[in-house]
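1. Let me see the structure of the following:
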Amino acid sequence: MFENNDADRGQVGIGTLIVFIAMVLVAAIAAGVLVNTAGFLQATAEDAGQESVNKVTNRMDVVSTHGIVNDTGSGFAVDSLNLTVRMAAGSGSVSLKSTTIKYVSGTTAENLVFKNTSSDGTASDINVSAESGGYGLNSTQFTAYALNDDSDNSFPVLNSQADRYEIVINTSLVEGSGGGLQTGESVELKLTSRSGGSTQVILTMPQQLAGQEDNDPVPL
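-> Sure thing, here's the model as predicted:
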């Protein structure tokens, strides 16, 4: 009289359809958020990685150092520090205009910025400035000239491994006493490029300056 029907039957109504569409929309929105977040994190990681690389590579190497001795009236002292610099291995271009030097001695701490006192990038103008006093600098400045500019006149930008620039710091001005650095005193210099790459050097004045003459160079 009655038929048994055990077959499964599906029921589709407007409510079920609305729930299905809502689930699809939520999944799509979630997927979009995840994709956007992943892209943002990737870009941020790439930028952070490049900045880290620049801090390590975009810097200068100090090739050699020497001081210039002068009679300060109370004895001989080193009143000029000269550092020959080049691009570090694997470094990009480094501009002295955006380079700072942290100068720390036993009595003085200063941040020095670059001032171009040479109109043609050579030592001639600097030497004239030195004779007239102070290289044309103040107590928060350093200057430089090109020893070798790889024939492209890029000074004051180091853009070739062949470039060699001579950085000059007038210690008499920086120290403020007019006496420069005395025998046995030390100074720490930290050269930092625009990208944050830094090079540190510690210089100690010779134990014996007596017997030197004005403008004599001494190794440091």
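2. Now do the same contact list for the residue nearest to the spatial centre of the chain.
-> Among the residues of the chain, the smallest C-alpha distance to the mean C-alpha position (C-alpha atoms, centre = their mean) belongs to residue 193, namely 1.6 Å. Counting by C-beta atoms under 8 Å, 6 or more residues apart in numbering, residue 193 touches 58, 59, 60, 94, 95, 98, 99. Placement of C-beta: from N, CA and C, glycine included.
3. Produce a PyMOL select command limited to the buried residues of those.
-> Of those, the buried ones go into a single PyMOL selection, burial set by 16 or more other C-beta atoms under 10 Å:
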select buried, resi 58+59+60+94+99
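4. Between the contacts of residue 193, which sits nearest residue 200?
-> residue 59 (10.2 Å; C-beta to C-beta).
5. The chain: strands as residue ranges?
-> Per DSSP state E, the chain has strands spanning 60-71, 76-87, 94-95, 100-105, 109-114, 141-148, 157-158, 164-170, 186-192, 198-204, 216-219. These are given in chain order.
6. how about the ones you listed in a markdown table, adding mean pLDDT?
-> Listed next are these as a markdown table, based on pLDDT from 0 to 100:
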| stretch | mean pLDDT |
| --- | --- |
| strand 60-71 | 90 |
| strand 76-87 | 91 |
| strand 94-95 | 91 |
| strand 100-105 | 95 |
| strand 109-114 | 95 |
| strand 141-148 | 91 |
| strand 157-158 | 91 |
| strand 164-170 | 93 |
| strand 186-192 | 95 |
| strand 198-204 | 92 |
| strand 216-219 | 87 |
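7. In JSON lines, list those along with distance to residue 21.
-> JSON lines is the format used below for these (distance: least, C-beta to C-beta, whole Å):
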{"stretch": "strand 60-71", "distance to residue 21": "63"}
{"stretch": "strand 76-87", "distance to residue 21": "62"}
{"stretch": "strand 94-95", "distance to residue 21": "59"}
{"stretch": "strand 100-105", "distance to residue 21": "61"}
{"stretch": "strand 109-114", "distance to residue 21": "64"}
{"stretch": "strand 141-148", "distance to residue 21": "70"}
{"stretch": "strand 157-158", "distance to residue 21": "61"}
{"stretch": "strand 164-170", "distance to residue 21": "69"}
{"stretch": "strand 186-192", "distance to residue 21": "59"}
{"stretch": "strand 198-204", "distance to residue 21": "59"}
{"stretch": "strand 216-219", "distance to residue 21": "82"}
